[in-house]
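Undergrad: what follows is a protein structure lacking sequence information:
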DNA sequence: CTAGGGTTAG
């Protein structure tokens, strides 16, 4: 969005000198001005407002502060989208040109529009006017709306300063500051401000609590969340639908799905956000099946899902591999003329690629009009999963052509694409570019991916050296990648080192032991393999059975390691054996590429 | 006639 007019031209209007506010007479209830005021207030569209504006320009007696306030209010309340700050400011400028002075009502209207559109520069200019007219010091509405502009624009220091200098703070001032910290990604500070508010003997209302609860959700701090929940009971805060939704969201994000579900079920009023909070929250907790059950319930009751609901449903389908259900959602989207773009488009791309339909994923991606970093990342990760490294790399280079900056996750996809395709040099180059060109700090996942890449290419000593030179502490993923590479290339000694490190980090997991004992077996070191298995038994290392699932004609088939409950398990096992021996005949390298 | 509220992906 761009503003053709950025400046209020302060110097040419009123800012050059401090303006004493003239006492303006209240409009006479029988004057034409009064009648026009009522009419402007009853306008139902921006077009009607504009007609009155035209009238005001023509008729001098209508050019008063009150009339301009009403017009500005109308413009800012009808134009919820873009452009309201510009339009409001143009009206404000016109008002100043006519020699009129803003009132304590004018400034909040203007600032609200600025806050809605994150128009920081315009807000700053109005800030100057608020000082010059003396309104900032005398009116708490002016101060609170100004604080809000700074808060939503991320200038939390300015908001805090205004707050500190404010002699007559009210609950809205506190709430605005708390929200400022939440919006700038500092939930910890937000909660601290809330407790200071309590010390200052203010009692939170529903609006404050919704924000505080969202801070708890961001922190994922369950005991804090429960503490706030108790505070609500102690202070008799009403539980309206907003508070209920915030509670559901908070408890889910803090990992207490049961409490969230209970609150959800007890809510006397629910709206689509309530359902979305449940569905998305459950999905976020990895409870995808539960999320879909809630969605089914929502459908049964007849609540119409919105695009956010569908994102949650698609995400659940993606993670359960439910291609048929995912396709159903896609059909629903088409049927209801929901655009397969933005959030929805990205979720569709992810669903199709996670469900194995990379061609469909590509089709959705190519059909999107607005692609962002999430869209590109989703398709690159998908292509990487499907071994389509060349296309992943091509789409990555498209990204910079259209000016979208990759982020950490994009690189994860890119590096894994290189890794799976055995493109060691190309992967290393991208890894270096990550910090050098894009200023992104590689995380342990990226290092793990590089170890995997080097390991698959057989460059095990390079991988070992790479780990030694890591600027951050290698974690289980890094050692796991090394161990996996050792397994593939039969490097028993290095594998033992990786296993030792893995066991140090997560002694309760069995994966490292299993991999290592398989390695011993492959190297005909049966005694070592046995020793390891015995050790596991002694230490009571819990075994997590591997599980995979696939959907076929709408039925989910689950396979757990060591379990033979599937009706066609023998047929499937026989096929897999044949398939594996077939693969082996292609030679070692091909098997590695497949692994 | 003016200010503060929840859910959004890889």
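TA: Thanks, I have the structure now. What you see is a predicted model, and the numbers here were worked out from it, not measured in a lab. Numbering: from 1, shown residues only, chains lettered A, B, ... in the order given.

Undergrad: contacts only, for residue A:57.
TA: For residue A:57, the contact set (Cβ atoms under 8 Å, 6 or more residues apart in numbering) is empty. The way it works is simple: take the backbone N, C-alpha and C, and place the C-beta from them, glycine included.

Undergrad: again, only using 10 Å
TA: Neighbouring residues of residue A:57 by Cβ atoms under 10 Å, 6 or more residues apart in numbering: A:63, A:94, A:98.

Undergrad: out of the residues you listed, who's nearest DNA strand B?
TA: Closest approach to DNA strand B among these (Cβ to the nearest atom of the strand): residue A:63, at 15.5 Å.

Undergrad: how about the closest one, nearest residue that isn't a chain neighbour?
TA: Nearest residue to residue A:63 in three dimensions, chain neighbours excluded: residue A:98, at 5.1 Å (Cβ to Cβ, 6 or more residues apart in numbering).

Undergrad: quick one, what contacts that neighbour?
TA: So residue A:98 contacts A:56, A:57, A:60, A:63, A:64, A:65, A:68 (Cβ under 10 Å, 6+ apart).

Undergrad: give the buried subset of the residues you listed as a PyMOL selection command.
TA: To isolate the buried members of the contacts of residue A:98 in PyMOL, using 16 or more other Cβ atoms under 10 Å:
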select buried, chain A and resi 56+63+64+65+68
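
Undergrad: keep only those of the contacts of residue A:98 that are in strands.
TA: Per DSSP state E, strands hold no members of the contacts of residue A:98.

Undergrad: dump the contacts of residue A:98 to TSV, plus distance to residue A:190 and pLDDT.
TA: Listed next are those as TSV, based on distance: Cβ to Cβ, whole Å; pLDDT from 0 to 100:
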residue	distance to residue A:190	pLDDT
A:56	43	92
A:57	45	92
A:60	50	90
A:63	44	92
A:64	42	92
A:65	37	92
A:68	37	95
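
Undergrad: so how far is stretch A:556-570 from its chain's centroid?
TA: Relative to the centre of its chain, stretch A:556-570 is centred 37 Å away, using Cα atoms, centre = their mean, to the nearest Å.

Undergrad: let me see the mean pLDDT of it.
TA: Mean pLDDT, stretch A:556-570: 75.

Undergrad: residue A:495: what secondary structure?
TA: The three-state label given to residue A:495 by DSSP: H, G, I helix; E, B strand; the rest coil is helix.

Undergrad: got the contact list for it?
TA: Counting by Cβ under 10 Å, 6+ apart, residue A:495 touches A:460, A:482-487, A:489, A:512, A:515-516, A:519-520, A:523.

Undergrad: can you rerun that using 8 Å?
TA: A:483, A:486, A:487, A:515, A:516, A:519 are the contacts of residue A:495 under Cβ under 8 Å, 6+ apart.

Undergrad: dump those into JSON lines; add distance to residue A:540 as well.
TA: JSON lines is the format used below for the contacts of residue A:495 (distance: Cβ to Cβ, whole Å):
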{"residue": "A:483", "distance to residue A:540": "22"}
{"residue": "A:486", "distance to residue A:540": "26"}
{"residue": "A:487", "distance to residue A:540": "24"}
{"residue": "A:515", "distance to residue A:540": "19"}
{"residue": "A:516", "distance to residue A:540": "18"}
{"residue": "A:519", "distance to residue A:540": "22"}
